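Undergrad: I would like to see how this sequence folds:
(one chain, ligands or ions: 2)
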Amino acid sequence: MDQPIPTPLSPATPEDAGPIVLALPKGRILDELGPVLARAGIAPASDYADESSRRLRFPTDDPALDVIRVRSFDVATFVAHGAAQIGICGADVLMEFDYPEIYAPLDLGIGRCRVSVAEPVDAPADDPSRWSRITVATKYPNIAQRHFAARGVQAEIVHLNGAMELAPSMGLAKLIVDLVQTGSTLKANGLREGEVIAHVTSRLVVNRTALKTRPEAIGAWIARFRAALAERDAR
Ligand SMILES: Nc1ncnc2c1ncn2[C@@H]1O[C@H](COP(=O)(O)OP(=O)(O)OP(=O)(O)O)[C@@H](O)[C@H]1O
Ligand SMILES: O=P(O)(O)OC[C@H]1O[C@H](OP(=O)(O)OP(=O)(O)O)[C@H](O)[C@@H]1O
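TA: Ligands and ions are numbered 1, 2, ... in the order given. As a prediction, this is how the structure comes out:
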């Protein structure tokens, strides 16, 4: 009697698992990333950097690698869940989510900025250690909460997705926690930078399970990015 053909529950070999998926963030990191990707030998078959395109997943000239283009915060989510095996995102995003499934082996040295507390320039000088509660507008609720909790202050978070700088003058919050690079956005909105919570650069991130199940393929990509950075930094 013929044996029934078993339905595969998981791919027999890593090659059967399909191409490795690299999640790239839309926006400013993508602009800075182009030369690093080129040095790493990643040439998307279509124009992944054309943000007017409605396409979100792109083949590359390597059949074993596809690229997806998603929001910066979502890079971490795709990689943490293993939908993408590797990705690139800011350390701010990694700090905010703190996903145990993500391993960040390489600092790409791009997207340099900091996560800082800011307040109105005309705010009276005040000693934060005397506060018990404070309202904070931010798109980083976990970072902000942890920062103030470590100082014994309970932060009431107003969660915004952008334009945090408007919050103090419009009575939404006393402070903001946001990214600062040149400081011009703060200045243009009557704010000044206070404590720097963290310095930020973009990182190569990897799903830990994928690294265990496909160590050669993913290890090879980490090595290619490492070599690309060394070549860039040697110039
Ligand atoms: N002013 C800045 N200077 C340098 N790097 C920055 C700056 N702002 C953001 N970044 C870095 O770029 C990442 C993406 O920021 P960007 O502003 O492009 O996207 P976003 O506006 O947060 O995303 P979305 O449009 O999806 O909400 C941030 O997570 C951070 O690591
Ligand atoms: O210190 P600066 O050089 O002024 O940079 C800081 C600004 O850059 C980021 O905003 P972005 O330009 O990404 O706009 P968005 O928050 O609306 O996405 C950040 O949220 C700040 O608003």
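Undergrad: taking the mean pLDDT, what do you get for stretch 198-209?
TA: For stretch 198-209, the mean per-residue pLDDT is 98.
Undergrad: list the buried ones in it?
TA: Buried residues in stretch 198-209, counted by 16 or more other Cβ atoms under 10 Å: 200, 202-207. For the C-beta atoms, the positions are set from N, CA and C on the backbone; glycine is no exception.
Undergrad: tell me where the protein has helices.
TA: Applying DSSP state H to the chain gives helices spanning 28-39, 72-80, 91-97, 141-149, 184-188, 208-213, 215-234.
Undergrad: pick the most deeply packed of those helices.
TA: helix 72-80 (a mean of 22; mean count of other Cβ atoms under 10 Å).
Undergrad: is any part of that one close to ligand 2?
TA: No - counting by Cβ under 6 Å from any ligand atom, ligand 2 is not contacted by helix 72-80; separation bottoms out at 8.9 Å.
Undergrad: packing partners of that helix?
TA: If you count contacts as 3 or more Cβ pairs under 8 Å, 6 or more residues apart in numbering; DSSP states H and E, helix 72-80 packs onto strand 20-25, strand 86-90, helix 91-97, strand 102-107, strand 202-207.
Undergrad: who does the last one pair up with?
TA: Read that as strand 202-207. Using DSSP bridges, strand 202-207 pairs in its sheet with strand 86-90 (antiparallel), strand 102-107 (antiparallel).
Undergrad: who wins for proximity to ligand 2 among those?
TA: Among the strands paired with strand 202-207, strand 86-90 comes nearest to ligand 2, with 10.5 Å by Cβ to the nearest ligand atom.
Undergrad: pLDDT on stretch 70-79, on average?
TA: 97.
Undergrad: any idea how far it is from the middle of the chain?
TA: Averaging C-alpha positions (Cα atoms, centre = their mean, to the nearest Å) puts stretch 70-79 7 Å from its chain's average.
Undergrad: next, count neighbours for whichever residue of the chain sits closest to ligand 1.
TA: For the chain and ligand 1, the shortest gap (Cβ to the nearest ligand atom) falls at Gly90, measuring 2.0 Å. Gly90 is flanked by 26 other residues according to other Cβ atoms under 10 Å.
Undergrad: show me what from the protein comes close to ligand 1.
TA: Checking the chain against ligand 1 by Cβ under 6 Å from any ligand atom, the hits are 25, 27-29, 71-72, 90, 92-93, 111-113, 161, 179, 181, 200, 202.
Undergrad: hang on, the earlier thing: I'd like the buried residues of stretch 198-209 as JSON lines, with distance to ligand 2 appended.
TA: What follows is these, written out as JSON lines (distance: Cβ to the nearest ligand atom, whole Å):
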{"residue": "Val200", "distance to ligand 2": "11"}
{"residue": "Ser202", "distance to ligand 2": "13"}
{"residue": "Arg203", "distance to ligand 2": "18"}
{"residue": "Leu204", "distance to ligand 2": "21"}
{"residue": "Val205", "distance to ligand 2": "20"}
{"residue": "Val206", "distance to ligand 2": "25"}
{"residue": "Asn207", "distance to ligand 2": "26"}
